[in-house]
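Chemist: mind folding the following:
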Amino acid sequence: MPRPSRLRAGIVPSIIFLLTTTFLSLGQRGGSSAPRGGGGTPRGSTQPAGPRGQNGRGRGQQEKEKEQEPDPTNGMELAYVSVVDKDHVAIPGLKKENFKITEDGVDQKLDLFAVDAGPISVGFVLGGPPNESRGVPLEFLKATPWTNNEFFLINDTHSPPGGTVIQSFTTDLMKATAIYPAGGVTADSIFMGLDYLKEAANKRKLLILIGGTLNGDAATGSGLDPYYVERVATRQEVQVYSILTSNDGGDVYDDGGTSYISPLTGGKNYLASPISFSLESTAREIARGLGVQYEIGYRSTNPTPDGKWRRIRVNVVDAPETSGKLSIWTKAGYYVDKQKKKK
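Modeler: Presented below is the predicted three-dimensional model:
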């Protein structure tokens, strides 16, 4: 009888070991979490991106358009509107009846009106002189009325094309003044910023471009067409602001067409001297105009899917007299989806 007893004594520990190993293996397989927003780099990552962890997209590398996804707006065209006074401070308290909108000169009926005074998600593309520009993100964030904005920083030296996310999404203002090498703003880094903003936590999304494009050899090679990025930008609900630098008020560093994107999306173009005071003052001006915004939406009276540009114009009527002269910031228009030909 001793032999069967020793056999059982050897089998039991083996079974326990196998079961333990199996449970541990299953636990490890199920323990990892997927990054927010599906594929791509998690928000805590600082991998070189172009976009999101890849080594940039050249003209020959652009992905084929995916099949059209369902329209979450149900055919409604949306726009954020900033209404500011002569001091560039946002005007609160306006109502739906204060807004009139036209598309290609034709009056449109507002189907949506909302007031948005909440925090923002903002990306900064750092292309200005590093010593002078590095304080711009902090000054912008401090000038807003919120303390819980989230932001990220992109530095584009064209290595890799599109640049690198040197600070991923954070609300920590202490991380807003990163040290970075001299670079510029390119269509690739704008595209990467737009892509990164898809994972934003806040509804209002901004991209602020600081400085002109890369020059010389660094700007050559593969790169996205600015017109392609322009079209992508107008499809996203992201407001793009551009702060170009000039030494004498007229000799602007070449922007390679990137600053043209700003007014199309509801943002603005600014010209500042390449010194800290001027750049930071411009950033504060942008922030003051965003204290409160109005979101409007309408369904176009022109249903033709011709792929053409539709021009939007927004006017404010019967505003309080105490507001004085008003300025309106909103997107200039949008491209209509073109109906695909049946095969």
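Chemist: what are the ranges of the helices in the stretch 101-250 of the chain?
Modeler: 130-133, 136-143, 187-196, 226-235 (DSSP state H, counting those that start in this stretch).
Chemist: any low-confidence regions in this protein?
Modeler: 1-74, 214-222, 247-257, 322-323, 340-343 (pLDDT under 70).
Chemist: can you give me the strands in the stretch 1-150 of the chain?
Modeler: For the stretch 1-150 of the chain, applying DSSP state E, counting those that start in this stretch gives strands covering 77-84, 99-103, 106-108, 110-116, 120-126, 150-155.
Chemist: reformat these as a markdown table; add mean neighbour count and distance to residue 174.
Modeler: (C-beta placed from N, C-alpha, C; glycine too.) Below are those laid out as a markdown table (neighbours: other CB atoms under 10 Å; distance: least, CB to CB, whole Å):
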| stretch | mean neighbour count | distance to residue 174 |
| --- | --- | --- |
| strand 77-84 | 21 | 29 |
| strand 99-103 | 17 | 39 |
| strand 106-108 | 14 | 45 |
| strand 110-116 | 14 | 27 |
| strand 120-126 | 26 | 15 |
| strand 150-155 | 24 | 12 |
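Chemist: and the helix or strand hosting residue 286 with helix 136-143, angle?
Modeler: Using DSSP states H and E, residue 286 sits within helix 276-288. On the basis of axes from the mean of the first three to the mean of the last three CA atoms, to 10 degrees, helix 276-288 is oriented at 40 degrees to helix 136-143.
Chemist: buried ones in helix 276-288?
Modeler: 276, 278-288 (16 or more other CB atoms under 10 Å).
Chemist: sorry, back to before: residue 106: which of the helices of the stretch 101-250 of the chain is closest?
Modeler: Across those, the minimum distance to residue 106, taken as CB to CB, is reached by helix 226-235, at 19.4 Å.
Chemist: check which residues of the closest one are buried.
Modeler: By neighbour count on 16+ other CB under 10 Å, the buried set for helix 226-235 is 226, 229-230, 232-234.
Chemist: mind putting those in TSV, distance to residue 94 included?
Modeler: Output for those, formatted as TSV (distance: CB to CB, whole Å):
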residue	distance to residue 94
226	34
229	32
230	29
232	30
233	26
234	25
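Chemist: closest to residue 110 out of these?
Modeler: residue 234 (20.2 Å).
Chemist: and the closest one, how close does it get to residue 316?
Modeler: Between residue 234 and residue 316 the distance, using CB to CB, to the nearest Å, works out to 23 Å.
Chemist: now do residue 191
Modeler: Distance from residue 191 to residue 316, by CB to CB: 33 Å.
Chemist: ok so, going back, can I get the helices of the stretch 101-250 of the chain in a markdown table including distance to residue 298?
Modeler: Below are the helices of the stretch 101-250 of the chain laid out as a markdown table (distance: least, CB to CB, whole Å):
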| stretch | distance to residue 298 |
| --- | --- |
| helix 130-133 | 38 |
| helix 136-143 | 31 |
| helix 187-196 | 24 |
| helix 226-235 | 16 |
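Chemist: to residue 170, which of those lies closest?
Modeler: Proximity to residue 170 (CB to CB) singles out helix 136-143 among the helices of the stretch 101-250 of the chain, at 10.7 Å.
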